[in-house]
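Visitor: Just the structure for this:
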Amino acid sequence: MTLRDRIPEQLRIGDALISIVMEEEVSVFPTSDYILVEGSPKVGKINVPKIASTLRNLVKNDRRMVALRGYGFRGIGLAVRIAHELKKRESRFVYQMTFDTFDALEPEEDKVLTSIQIVVMPPE
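Guide: Prediction:
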C-alpha cells in the first residue's frame, strides 16, 4: 500500500478550489481518522516548537494521522516549519509524509492563493 492510498478520502485534494473559512490564525479540526491543522494566510508569530511537540505526541504515541494545511505565503511557511520541526525532533523513526499543492480561495479578498497540504503518517 502506498502512502497516498493511506490518506483518507476527505483529505484527498483534486482539482477543486478550496475555500478558506478560518476565524483564527491557526485552526485545529479533530476527526476520528485524522487531525487537520490549518495555517491562515494572515498568520503572525506562532510557537512552532509547541505545536510540533503536540503533533509529535499525536502521531507517535496516539498513532494519529495529522494533516497540515497552509494557505498563501505565510500559511505555507508555517506548515513547512512545523513539518521540519517534527522531523528534526525525532531520531528513532522516520516520518512518512505526503505533500500536495492546491489552490484556495480567500472569500474576503476574492483572490486565489497557492496552498500546501502535508499529511504526516504514524509509523507502521
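
Visitor: What ranges does the chain have for its strands?
Guide: Under the criterion DSSP state E, the chain contains strands at 18-19, 26-30, 34-39, 65-71, 96-106, 111-121.

Visitor: State the distance from the residue nearest the centre of the chain to residue 110.
Guide: In the chain, the residue lying closest to the centroid (Cα atoms, centre = their mean) is residue 68, at 0.3 Å. Per Cβ to Cβ, to the nearest Å, residue 68 is found 25 Å from residue 110. No exception for glycine: its C-beta is placed from N, CA and C like everyone else's.

Visitor: cool, and residue 2?
Guide: 37 Å.

Visitor: neighbouring contacts of the longest helix anywhere in the chain?
Guide: For the chain, the longest helix by residue count, based on DSSP state H, is helix 72-89. Contacting residues not belonging to helix 72-89 are listed as 26, 37-43, 46, 48-49, 51-53, 55-56, 59, 68-70, 95, 97, 104, 106, 113-118, 120 [Cβ atoms under 8 Å, 6 or more residues apart in numbering].

Visitor: Which neighbours in the sheet does the lowest-mean-pLDDT helix or strand in the chain have, and how are they oriented?
Guide: Scoring the helices and strands of the chain by mean pLDDT, DSSP states H and E places strand 18-19 at the bottom, with a mean of 82. Within its sheet, and counting by DSSP bridges, strand 18-19 is paired with strand 96-106 (parallel).
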